[in-house]
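[1] Build the 3D model from these lines:
(one chain, ligands or ions: 1)
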Amino acid sequence: MSKVMIIGAGGVGRVVAHKCAQRTDIFSSITLASRTRSRCDAIAAEIKNAEIKTTQVDADNVSELTALLQQEKPKLVINVALPYQDLTIMDACLAAGVDYLDTANYEPLDTAKFEYRWQWDYQDRFSEKGLMALLGSGFDPGMTNVYTALAAKNYLDEVQEIDIIDANAGSHGQPFATNFNPEINIREVTAPCRHWENGEWVETDPLATRRLFDFPGGVGPMNLYRMYHEEMESLVKPIPTIKKAQFWMTFSDNYLKHLEVLKNVGMTRIDEVEYQGQKIVPLQFLKAVLPDPGSLGPLTKGKTCIGVIARGIKDGERRQVYIYNICDHEKCYEEVNSQAISYTTGVPAVVGGIMMLTGIWHKPGVWNIEQFDPEPFLAEVGPMGLPHVVIDNGYWPPL
Ligand code: NDP
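    The predicted model follows:
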């Protein structure tokens, strides 16, 4: 029984709060802290089966957050604010002696760089204090890393290639909207593509490589676009036999058309521009006028299908395994007032927290999720809402 503090009252924070409240056997006390307290209060008011304490905090301010942690004394912080806050929250956790978990790697505000090095640099500081930081406990990164670890543990003697494939076959009926924080989503999608091949990163233009893929579970054929995603960086370290790692995501023609126009007119820029005597960042302004992803919950219908195809050698023979989850937007909304993108991120964050608080996964230092045994995590995350399917020894042509 342990006290948890959730930081960030957005789409993912809502799911994390609901799901922690379903597991009061583990989370004996739940505090939701965020920049805007009214958003915490709105989430707390939806949750009837447990008390959610709410508070305001600026997580960019290390001393303010440290003081809050020292006062509340949680055992674990679940960081579902924005990637810009990862380092300040890790600093506050170190100062207050609290374990840390997140779902997205640190990004500096002024460059869309997705790298773990800033957080990996905290390894010694967490180790020395006997504290643990679990990085990337969402879906992708998160479940996709766990699926890859499962392929390496149970299905392949040597994992040689991975394709991480993320389909959102849902529709919200809006002309243009993103399913999670628009600023983070657009920075990620418009960044140069990188994939791992023969020991190095190969850079190509954003979204320049397209493939058609026939998804299981009634999702059907959809266009996939290759892009960079952070879990490839952490996965090629503990599984050095991986020769090729690629990440693919589906986008509708409509989404891509809007994105192209927004990029062409400069609205996706992340540098400051002068406007009427004041400095603004075009992408931050765009976020302010786009639909709040939280408002898409009641509108979104359809499914997500996210998983990993791992190829390699088993008993001397080439073999492939596809491990994936299918999640239904409307069912998620019925359960926790949120669409499947926030749901598929929030549930693994809570299960990562359960692994840490029960000691099943507890080791001082900074760790990515694939560095732990995948099986206890999968045994917990299925009943919590994200069961997985394994198709062993099938054939999917190389993407
Ligand atoms: P939202 O924008 O909906 O929510 C972010 C929340 O963080 C908001 O409530 C915001 O406050 C709060 N926040 C921002 N800055 C601060 C600060 N300085 N101090 C305190 N609180 C702050 O984002 P999402 O819920 O969609 O995403 C949350 C995280 O999940 C992101 O890091 C995102 O990258 C990650 N993610 C990971 C995925 C995965 O599969 N691994 C998939 C999707 C998302 P306010 O309400 O005032 O704006």
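[2] how near is the spatially most central residue of the chain to the ligand?
    In the chain, the centroid-proximal residue (CA atoms, centre = their mean) is Gly138; its distance is 3.7 Å. Distance of Gly138 to the ligand, given as CB to the nearest ligand atom, to the nearest Å: 2 Å. Every C-beta, even on glycine, is put in place using the N, C-alpha and C of the backbone.
[3] Name the residues of this structure found near the ligand, please.
    Within the chain, the residues that sit near the ligand (CB under 6 Å from any ligand atom) are 8-13, 34-36, 39, 57-60, 80-83, 85, 103-104, 138-142, 180-181, 184, 293, 341-342, 345.
[4] Which of those fall within helices?
    Judged by DSSP state H, the subset of those located in helices is Gly11, Val12, Gly13, Arg39, Ile184, Ile341, Ser342, Thr345.
[5] If we only consider those residues, which is nearest to His329?
    Ile341 (8.3 Å; CB to CB).
[6] residue contacts, that closest one?
    Gly11, Asn168, Asn179, Phe180, Pro293, Thr304 (CB atoms under 8 Å, 6 or more residues apart in numbering).
[7] so where do the helices sit in the stretch 201-350 of the chain?
    Using DSSP state H, counting those that start in this stretch, the helices found in the stretch 201-350 of the chain span residues 231-235, 253-264, 282-289, 329-336, 340-357.
[8] So which of the ones you listed is the most surrounded?
    A comparison of the helices of the stretch 201-350 of the chain by mean neighbour count, using mean count of other CB atoms under 10 Å, puts helix 340-357 on top with a mean of 27.
[9] how many degrees apart are that helix and helix 329-336 in direction?
    50 degrees (axes from the mean of the first three to the mean of the last three CA atoms, to 10 degrees).
[10] after helix 340-357 comes which helix or strand?
    As assigned by DSSP states H and E, the chain's next helix or strand after helix 340-357 is strand 365-368.
[11] Could you give the bridge partners of the nearest residue to Asp392 once chain neighbours are set aside?
    Sequence neighbours aside, Val321 is the residue nearest to Asp392 in space, at 5.1 Å (criterion: CB to CB, 6 or more residues apart in numbering). Val321 forms beta bridges with Ala310, Asp392, as assigned by DSSP bridges.
[12] Report the contact partners of the residue of the chain found nearest the ligand.
    Here the chain gets closest to the ligand at one residue, Gly10, 1.7 Å apart by CB to the nearest ligand atom. Residues in contact with Gly10, defined by CB under 8 Å, 6+ apart, are Ser34, Arg39, Val80, Ala81, Asn181, Pro293, Gly294, Ser342.
[13] can you give me phi and psi for the fifth one?
    Dihedral pair for Asn181: phi -30, psi 120, per degrees, to the nearest 10.
[14] pretty sure it contacts Gln284?
    No: the criterion here is CB atoms under 8 Å, and Asn181 misses it with Gln284 at 11.0 Å.
[15] Show me what counts as buried in stretch 186-195.
    For stretch 186-195, a neighbour-count test (16 or more other CB atoms under 10 Å) marks Ile186, Arg187, Glu188, Val189, Thr190, Ala191, Cys193, Arg194, His195 as buried.
[16] Point out where the stretch 1-150 of the chain drops to low pLDDT.
    1 (pLDDT under 70).
[17] where do the strands sit along it?
    For the stretch 1-150 of the chain, strands defined by DSSP state E, counting those that start in this stretch occupy the ranges 2-7, 27-34, 52-56, 76-79, 99-102, 132-135.
[18] shouldn't Val236 be in contact with Ile242?
    Yes: counting by CB under 8 Å, Val236 touches Ile242, with 5.1 Å between them.
[19] Neighbour count for these two, which is higher?
    Neighbour tally, Val236 and Ile242, criterion other CB atoms under 10 Å: the higher count belongs to Ile242, 23 against 18.
[20] Return the residues in contact with the more buried one.
    Ile242 neighbours (CB under 8 Å, 6+ apart): Val159, Gln160, Glu161, Ile162, Trp196, Leu235, Val236.
[21] rerun at 7 Å
    Val159, Gln160, Ile162, Trp196, Leu235, Val236 (CB atoms under 7 Å, 6 or more residues apart in numbering).
[22] Run a quick check on the last one versus Trp196, I expect a contact.
    Yes: with contact defined as CB atoms under 7 Å, Val236 reaches Trp196; the gap is 5.3 Å.
[23] between the two, what contacts are shared?
    Joint contacts of Val236 and Trp196 (CB under 7 Å, 6+ apart) are Ile242, Ala245.
[24] I figured Thr204 hits Ala191, correct?
    No: applying CB under 7 Å as the test, Thr204 and Ala191 come out as separate, 11.4 Å apart.
[25] How about Leu259: what's its closest non-neighbour residue?
    That would be Val189: by CB to CB, 6+ apart, it lies 6.8 Å from Leu259.
[26] Of the contacts of Ile242, just say which sits nearest to Arg226.
    Closest to Arg226, out of all of the contacts of Ile242 and judged by CB to CB, is Trp196, at 11.7 Å.
[27] mind checking pLDDT for the closest one?
    At Trp196, the pLDDT value in this model is 98.
[28] Name whatever forms a beta bridge with it.
    With DSSP bridges as the rule, Trp196 is bridged to Trp201, Ala245.
[29] Count the neighbours of it for me.
    21.
[30] thinking it is in contact with Glu231, fair?
    No: with contact defined as CB under 7 Å, Trp196 does not count as touching Glu231 (10.9 Å).
[31] ok, the nearest residue to Leu207 once chain neighbours are set aside - contacts?
    Among residues not flanking Leu207 along the chain, Tyr225 sits closest, at 4.4 Å (CB to CB, 6+ apart). With contact set as CB under 7 Å, 6+ apart, Tyr225 has these partners: Leu207, Thr209, Arg210, Trp248, Met249, Phe251.
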